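Engineer: sharing a model that was predicted from the sequence below.
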Amino acid sequence: EVQLVESGGGLVQAGGSLRLSCAASTFDDYVIGWFRQAPGKEREGISCISSNDGTTYYADSVKGRFTISSDGAKNTVYLQMNSLKPEDTAVYFCAAIKGVDLRTTIPKEYEYDYWGQGTQVTVSS
């Protein structure tokens, strides 16, 4: 079992930046994904990274603004969010799935096995 703990959320003005962290109890051979859910909307997958080879994926909604990275020594995945917009306001979750090759497969939300509790990001206009 993998425990995931998100941190780094908060209130920021439009155009600002935040860095979210996802601390995992274990990391090897996992894909860590970031999702978000705004009030009244479905949860959206926005980015993921492979701990094996560093392959990354971004949804079009965040491409060019958000950067995902990982620190294997700390078992932590980061999501650097720049040029934030009010529509980025949501609860952000990280999730983990084992044994996926991101070079060929982008896992679906329902395929992730472990989830964190989420961290709130609010972007004011």
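Structural biologist: Received it, and whenever you're ready, just let me know what you need.
Engineer: can you pull out the helices in the protein?
Structural biologist: Taking DSSP state H as the criterion, the chain contains no helices.
Engineer: spatially central residue in it, please.
Structural biologist: In the chain, the residue lying closest to the centroid (C-alpha atoms, centre = their mean) is Trp34, at 2.1 Å.
Engineer: Ser50 versus Gln3, what's the distance?
Structural biologist: Gln3 sits 20 Å away from Ser50, going by C-beta to C-beta, to the nearest Å. To be clear about C-beta, it is placed using only N, CA and C from the backbone, and glycine gets the same treatment.
Engineer: buried stuff in stretch 116-125?
Structural biologist: If you call a residue buried by 16 or more other C-beta atoms under 10 Å, then stretch 116-125 has these buried ones: Gly116, Gly118, Thr119, Val121, Val123.
Engineer: export the residues you listed as CSV, with columns for pLDDT and distance to Val12.
Structural biologist: Below are those laid out as CSV (pLDDT from 0 to 100; distance: C-beta to C-beta, whole Å):
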residue, pLDDT, distance to Val12
Gly116, 98, 20
Gly118, 97, 17
Thr119, 98, 13
Val121, 98, 8
Val123, 98, 6
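Engineer: what two of the residues you listed are the furthest from one another?
Structural biologist: Gly116 and Val123 (20.3 Å; C-beta to C-beta).
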